[in-house]
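**Q** A structural model of the following input is requested.
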Amino acid sequence: MNPVATDTQRASRQMPLPETAEGEVLLAHAEVMQHAQDAHRKGLLDLAEGLYHALLAARPDDVDALHFLGVLRHQRRDSVAAVDLIRRALELAPAEPGIWNNLGNVLLESRRVDEAIEAYARCLALVPGFAEAHNNIGTIHRNRGEWEAAEAAYRRALELQPERADTWHNLANLMLAQRRLREAVSYGCRAVTLKPDHAPSRKLLGLAHATLGEFDKAAAVYREWLAEEPDNPVARHHLAACTGESVPGRAADSYVEKTFDEFAQSFDAKLEQLQYRAPDLIGSALAAACAAAAGRLDILDAGCGTGLCGPIVRAHARELTGVDLSAGMLQRAQLRGVYDRLHKAELTHYLSAHEERWDVVLSADTLCYFGDLEGVFFAALGALRAGGWLLFTVEALTEASEDPFRLQANGRYVHACDYVLRALAGAGFEEATIASEVLRKECGEPVAGWVVVARKPAGSRH
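**A** A predicted model of the protein is given here:
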């Protein structure tokens, strides 16, 4: 799916202005609208929002101001207000297909899927050839695992607009999910050709090559990207994953921030599609370790993301704190209303700065962005009170290997079981247990992981 459209100039409806005093007022209004749209497109959201409000104060029935203010409120993650504003615009202009499409986008990103489908249907009833709506319906089918319907919708969008780079990217993603890898490469190449600066398509193309075992071609994609953007952390990280050269001990802060800020809006829906189990596995492990949920524990959700663990462990917590590097993820976590505190910080540094602060430190699928675990384990031991628990998941290195960990082409690390246990013991943990579980599915295949529980010795001081 495309993000909600912010090309306000394209979407604005043009109306002739009469040569009267009233026309002069309308002309001034139109000029303010133009300034608002320009600011919106440039990302000057405070300015744009103020101008939209001024326009609505003068003309409460201004369809464009209502519509674009709704788009802006969604960009600021206030989707309730966004839906209300866009619906008000549609009450005044029910025959505007672009507004119906944007309403569908907001509803879909808010996980109100049935309402989104209805909005896209209204759009297509008005303009059957509205390519973006077909593209977005394709994404709904893809998220549901309805591969044939998704492919048909994407191909219909491309019949209508063959140069839609985002739809070629979506089709490549669909092929990758089905392990139709040659097609994924072909469509990914088309997307990059049409829009060379589209980072997700470059990343996907490299991943498709790597999944085929064509690591030299994957590396070429990332090297070309770095030649144009030498400081791009995503290209640098994935080049290391493809070549095995200059592999970092953990993913760089800049890589984590960029990746997850961009992923925040669609994160929950994407993981639901992947049958993501890590938060539930952590919740079960916490219940087994700490018995009944009595609300007495101070818990840190380390790498909390959008807060998927929060509702699961809340009943155990006297105080529940979340920490993450991604501001976008933290904004989503805040909306859940289950955390007492949320902090933006790098995990190891944050743990090190809070000695003997928590009874439980838990982490679902965050340490897969660490290769070397010894530093973060040592920091976690110091942050726990005596007898406190560390619970986490990592992806499993299951094949025979002398490597303690390995950076995969997808950018995440896998870890050997004996290395995880050695690193925990070396940091000072005891009673460590490790269980093999499926964490999620990826490209239709189960992703093996370790669910790990360890304890700081009673009476221990760090």
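
**Q** Domains of the protein: list them as residue ranges, please.
**A** Using automatic domain parsing, the domain ranges for the chain come out as 1-127, 144-246, 267-455.

**Q** Secondary structure element holding residue 338?
**A** Counting by DSSP states H and E, there is no helix or strand that carries residue 338.

**Q** quick one: pLDDT of the closest residue to it other than its chain neighbours?
**A** Spatial nearest neighbour of residue 338, chain neighbours left out: residue 310 (4.1 Å); criterion: Cβ to Cβ, 6 or more residues apart in numbering. Yep, even glycine has a C-beta here, placed from its N, CA and C like the rest. Residue 310 carries a pLDDT value of 94.

**Q** Please apply the same query to the one 10 residues further on.
**A** According to the predicted model, the pLDDT of residue 320 comes to 97.

**Q** how about the strands in this structure?
**A** In the chain, the strands defined using DSSP state E lie at 297-302, 317-324, 341-344, 358-363, 384-396, 405-407, 413-415, 430-442, 445-455.

**Q** Alpha carbons of the fourth one, as PDB, please.
**A** The one in question is strand 358-363. Extracted in PDB, the C-alpha atoms of strand 358-363 (Å, rounded to 0.1, in the frame of the first residue of the first chain):
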ATOM      1  CA  TRP A 358      14.100  -3.900  37.700                       C
ATOM      2  CA  ASP A 359      12.700  -7.200  38.700                       C
ATOM      3  CA  VAL A 360      12.300  -8.300  35.100                       C
ATOM      4  CA  VAL A 361      14.000  -7.300  31.900                       C
ATOM      5  CA  LEU A 362      12.300  -8.800  28.800                       C
ATOM      6  CA  SER A 363      13.000  -8.500  25.200                       C
END
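
**Q** thinking again about what came up before, you'd agree the residue nearest to residue 338 is up against residue 340?
**A** No: look at residue 310 against residue 340 with Cβ atoms under 8 Å: they stay out of range, at 10.2 Å.

**Q** Counting neighbours, go ahead and name the busier of these two.
**A** The neighbour comparison of residue 310 against residue 340 (other Cβ atoms under 10 Å) goes to residue 310, with 22 against 13.

**Q** List the contacts of residue 103.
**A** With contact taken as Cβ atoms under 8 Å, 6 or more residues apart in numbering, residue 103 is in contact with 83, 86-87, 90, 119.

**Q** for these, which one is nearest residue 67?
**A** residue 86 (5.9 Å; Cβ to Cβ).

**Q** so what's the closest one up against?
**A** Per Cβ under 8 Å, 6+ apart, neighbours of residue 86: 66-67, 70-71, 99, 102-103, 106.

**Q** ok, the residue nearest to residue 338 to residue 316 distance?
**A** To residue 316, residue 310 is 11 Å away according to Cβ to Cβ, to the nearest Å.

**Q** correct me, but residue 250 touches residue 374?
**A** No: counting by Cβ under 8 Å, residue 250 does not reach residue 374; the two are 11.0 Å apart.

**Q** Which of these two has more residues huddled nearby?
**A** Higher neighbour count among residue 250 and residue 374: residue 250, with 21 against 16, using other Cβ under 10 Å.

**Q** so the more buried one bridges to which residues?
**A** Taking DSSP bridges as the rule, residue 250 bridges to residue 370.

**Q** which regions of this structure lie under the pLDDT threshold?
**A** By pLDDT under 70, the weakly predicted segments of the chain are 1-27, 263-274, 293, 460-462.
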